[in-house]
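Asks: Output the structure for:
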Amino acid sequence: MRGFTLLGKEFTEIIKSKKILIPIIAVLFVPLLYAGMFLWAFWDPYEQLDDLPVAVVNLDKGAVFDGKPIEVGKGLVDELKDNKSFKWEFVSEKTAKEGMENRKYYMLVRIPENFSDNATTLLKENPRPLNLEYIPNESLNFLSSQIGGTAIEKIKGEVSNTLTKTYAEKMFDSIKDVSQGFADAKDGANKLHDGAGELQDGSSKVTDGINQLSEKANSGFNRLASGSRELTDGLGKLNSEVSRMPGGVNQLLAGSSKITDGLGKLNSEVSGMPSGVNQLLAGSQQITKGLNQFTDSQGDFQVGLKQSAKGSEQLHEKLKELSVGTEKTQKGISTLGEGLNQSLASIINMEDKLPELTKGTKDLSVKSSQFSQGVSEWKKQADTLSSVANETAGGAQQVSNGLGELNKKIEDLPEEYRKQLQPVIQGIIEGNQKVSKGTVGVAQGVQKLAGEAGAGKIEAGATEISDGANKISKEQLSLETGISSLKEGQQMFVNGADELAKGSLQLVEGTKQLTVRADQLNTGLGQILEKSTAGLNKLANGSNEVTGGLNTLASKSGQLTSGVSALLDGSGQVTGGL
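Replies: The predicted model follows:
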């Protein structure tokens, strides 16, 4: 107590004496200033790192991964531009070295040339690490170099996370590509099915058009044949009647000759006039009979010409229908060609998607095999866990038996000890029973998992998945073969459709020519009908005039006979008078 009293008096004297207090304060200020400056230097050194200049040199040349160019170095530079941890300056290697020598930069971060190339080896057997070259400028500040090293490790971690994210995205993209391949295969199959339906519809339309064309052509050709036969019959009748015309004309000439002879005889021998007139009448009757026969034949001839003209008109109409049917057929063939081209394009598109489907099927088969192996390993571990659980249950039973014997022995102890130990032993027994039940439950659960209801079903499911993948691979080969065969058959069908289109064009051209010829035939028959009718009318009029003249001659023959008789009598009288 006396020491504290003396110490208090000393401090009181020091405070009262300014000569002693000022040196003491000055001496205490120096360590306080040093400690304060030291604490200020190390107080939150990461607060103003954005003012610390750091040179970044990107020498990465890029690489190709999964058929696509990647530039991990460029991506890192882009991320550092958004990172405010340091004052990043992206310069060339020469500028960076000069800045380090001139103490402009506190550190240098160099991205090597093979940075992206090493990134593509992460999934290979011997991957190469991605190393960033970090060069601190320790001549400037030791603390900044230590902070820079910590920051570089953080940047490496971010690069690693970025690469992990990139590879995860690539894996998911691959899975999406496989899924898209199956979806494209499904779409291609649907398009192929739709194209086949359109092809079937087009084929049905072509078949219907061809059947209609065939029916109309057969009907038209039958009517054409019928009209041709009628025309042939009419022309035959015309020919037969025309062949009879020379006979009638000859008869007319013979009658005219007889008339001429009769008139000669009339001039030469008046006494033979009655017999000559009779012969003239007989010849006139023969001429009239021949003209009547010719007139009757003229009616048949006109009927035949009219039937021929009607048949020609029917032929012309049917040729028009045939032309329309041919045009429909040609349109159907064009539609069929478009459907065939669409179907062929769908087959080619589906064939292009086959490599993706093959790749996806192979990946599915490999992953299913790995899954099956994993299930087998898991089942083995489950069996081991079940045996351990059974052993644990057996140990728990032994502990329970030992506790029972211990409880019996405790009963022989004094009551005060028995009261203290029995609750403890009872709690241990209850806990052991719970452990035993839990162990039995674990063993049963593991057995269920490892049995047919658990891992057995999983293993069976994995086997079914593997078998399904193998079956998909086998069926894919059949699909490729079927697509190739379908493509060849489609090409053959396209070639056949082209030949059918060419034939339809030839049919259209022939139909047009036949229509022109039918029009010419119809015009010729009309001209024949008009000319023959006019000629027959003239012939009938001439015949009527000849008949009228002959009738007049016959009626006047009596007067001529009486006149000749009177002339003969007068001549007799003159002769007698003479």
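Asks: my read: residue 112 touches residue 134, true?
Replies: No: look at residue 112 against residue 134 with CB atoms under 8 Å: they stay out of range, at 11.7 Å. C-beta here means a position set from N, CA and C on the backbone, and glycine is covered the same way.
Asks: Domain ranges for this structure, per the record?
Replies: 11-42, 52-175, 186-357+502-577, 359-474 (automatic domain parsing).
Asks: Averaged pLDDT, the first one. What do you get?
Replies: Mean pLDDT, taken over the full extent of domain 11-42, equals 82.
Asks: all numbers from here: first residue = 375
Replies: Okay, using 375 as the starting number, the last item reads as domain 385-416.
Asks: Show me whatever sits in contact with both of residue 486 and residue 508.
Replies: Here residue 486 and residue 508 share no contacting residue, scored by CB atoms under 8 Å, 6 or more residues apart in numbering.
Asks: So residue 430 lies in a helix, does it not?
Replies: No: applying DSSP: H, G, I helix; E, B strand; the rest coil, one finds residue 430 to be strand, outside a helix.
Asks: How many residues are close by it?
Replies: By the criterion of other CB atoms under 10 Å, residue 430 has 22 neighbours.
Asks: ok, now residue 450?
Replies: Neighbours of residue 450 under the rule other CB under 10 Å: 24.
Asks: these two touch, right, it and residue 485?
Replies: Yes: applying CB under 8 Å, one finds residue 450 in contact with residue 485, separated by 6.4 Å.
Asks: and the helix or strand containing residue 379, which residues are buried?
Replies: In the assignment (DSSP states H and E), residue 379 maps to helix 376-390. By neighbour count with 16 or more other CB atoms under 10 Å, helix 376-390 contains no buried residues.
Asks: And that helix, what does it pack against?
Replies: helix 392-416 (3 or more CB pairs under 8 Å, 6 or more residues apart in numbering; DSSP states H and E).
Asks: which strands and helices sit next to the helix it packs on?
Replies: helix 376-390.
Asks: Now do the helix it packs on and helix 392-416, the angle between them.
Replies: Note on geometry: by axes from the mean of the first three to the mean of the last three CA atoms, to 10 degrees, helix 376-390 and helix 392-416 are set 90 degrees apart in direction.
Asks: Now tell me what touches helix 376-390 from outside.
Replies: By CB under 8 Å, 6+ apart, helix 376-390 touches 394, 395, 398.
Asks: Just put those in TSV and tack on neighbour count.
Replies: Below are the contacts of helix 376-390 laid out as TSV (neighbours: other CB atoms under 10 Å):
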residue	neighbour count
394	12
395	13
398	11
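Asks: Looking at the residues you listed, which is nearest residue 471?
Replies: Nearest to residue 471 among those, counting by CB to CB, is residue 398 at 53.8 Å.
Asks: quick one: the closest one and residue 385, what's the gap?
Replies: Applying CB to CB, to the nearest Å, the value for residue 398 to residue 385 is 11 Å.
Asks: Now residue 484: closest residue in space that isn't a chain neighbour?
Replies: Ranked by CB to CB, 6 or more residues apart in numbering and with sequence neighbours excluded, the top spatial neighbour of residue 484 is residue 507, at 3.9 Å.
Asks: looking at it, that neighbour is touching residue 481, isn't it?
Replies: No: with contact defined as CB under 8 Å, residue 507 does not reach residue 481; the gap is 10.7 Å.
Asks: Please say which of these two ends up with more neighbours.
Replies: residue 481 (25 against 13).
Asks: Run through the bridge partners of the more buried one.
Replies: residue 428, residue 510 (DSSP bridges).
Asks: Does it touch residue 510 like I think?
Replies: Yes: applying CB under 8 Å, one finds residue 481 in contact with residue 510, separated by 4.5 Å.
Asks: and residue 487, what is it in contact with?
Replies: Under the criterion of CB under 8 Å, 6+ apart, the neighbours of residue 487 are 433, 434, 435.
Asks: Residue 380 versus that one, what's the distance?
Replies: If you go by CB to CB, the gap between residue 487 and residue 380 works out to 78 Å.
Asks: helix, strand or coil for residue 500?
Replies: coil.
Asks: tally of neighbours for residue 462?
Replies: Around residue 462 there are 19 residues (other CB under 10 Å).
Asks: and the residue nearest to residue 425 when sequence neighbours are not counted, how many residues sit next to it?
Replies: Take residue 425 and drop its neighbours on the chain: the residue closest to it by CB to CB, 6+ apart is residue 461, 5.9 Å away. Counted with other CB under 10 Å, residues neighbouring residue 461 total 14.
Asks: Let me see the backbone angles for residue 461.
Replies: phi -90, psi 90 (degrees, to the nearest 10).
Asks: Residue ranges in the stretch 525-674 of the chain under the pLDDT threshold?
Replies: Where the stretch 525-674 of the chain drops to pLDDT under 70, the residues are 525-560, 562-567, 569-571, 573-581, 583-585, 587-606, 608-674.
Asks: nope, the stretch 675-824 of the chain is what I was after
Replies: If you take pLDDT under 70 as the line, the stretch 675-824 of the chain has these spans: 675-690, 692-824.
Asks: Residue 465: neighbouring residues, count only.
Replies: Neighbour tally, residue 465, other CB under 10 Å: 18.
Asks: Just to check, it is in contact with residue 427?
Replies: No: counting by CB under 8 Å, residue 465 sits too far from residue 427 to count as a contact (10.3 Å).
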